[in-house]
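Engineer: What would the 3D arrangement of this be:
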Amino acid sequence: MTTFWCYDYACTLHEEWTFLLRSDWSKVKGLYIVTRYLPFSFLAVVLWMSFNTNENPGKCWVLIILDSGLGIALVFLSECFFMLRTYVLWNNNRILLAAMLSTFFAFLVASFGFVFGTYIYTVPAGCARCHLPSGVLQSLKHSVYSHRYD
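Structural biologist: Alright, predicted model coming up:
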């Protein structure tokens, strides 16, 4: 899937930048650019964590927090873009905007609590997520460590 995603970016990059450079700069355009290109940073962190055997728990914790933070930021920015488009398509309906914002912030608070709360209590000492040998699939990491520490 990542290969197709990168291929799509590579095929449309020239057309996209031509369009973006010719149009006026605005906050929405900035939001679009950040939303469109921040996934590359997220992908780089995930790949680094997956294929790097890190013996330093401090660095590993930083990578885990960075991974979680970038993931939440990506969801936050894409949802902002979605809400802005929906708000405009519904002729600036304030009731719809209030409903979308209240739901969004409730899920955002729950996401922060879940992501950062579970890492504090479930990641074993030594930050096991970064200590797996390269090539171990993400889906197998949890089962490998849950059986290892039982």
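
Engineer: The helix or strand encompassing T3 - contacts with which helices or strands?
Structural biologist: Per DSSP states H and E, T3 falls inside helix 2-22. Judged by 3 or more CB pairs under 8 Å, 6 or more residues apart in numbering; DSSP states H and E, helix 2-22 is in contact with helix 27-51. Yep, even glycine has a C-beta here, placed from its N, CA and C like the rest.

Engineer: how about the helix it packs on: buried residues?
Structural biologist: Residues 32, 35, 39, 42, 45-46, 49-50 are the ones in helix 27-51 that count as buried (16 or more other CB atoms under 10 Å).

Engineer: How about stretch 106-116?
Structural biologist: V115.

Engineer: from the middle of its chain, how far away would that stretch be?
Structural biologist: Counting by CA atoms, centre = their mean, to the nearest Å, stretch 106-116 is centred 13 Å from the centre of its parent chain.

Engineer: Contacts for that stretch, please.
Structural biologist: Here stretch 106-116 makes contact (CB atoms under 8 Å, 6 or more residues apart in numbering) with 65, 68, 71-72, 75-76.

Engineer: Highest neighbour count among those residues?
Structural biologist: Ranked by neighbour count (other CB atoms under 10 Å), these have S68 at the top, with 18 neighbours.

Engineer: tell me the secondary structure for that one?
Structural biologist: Here S68 is helix, with the state taken from DSSP: H, G, I helix; E, B strand; the rest coil.

Engineer: as a whole number, average confidence for stretch 97-113?
Structural biologist: Taken as a whole, stretch 97-113 has a mean pLDDT of 88.

Engineer: For the remainder of this discussion, apply numbering that starts at 43.
Structural biologist: Happy to do that; since the first residue is 43 now, the last one works out to stretch 139-155.
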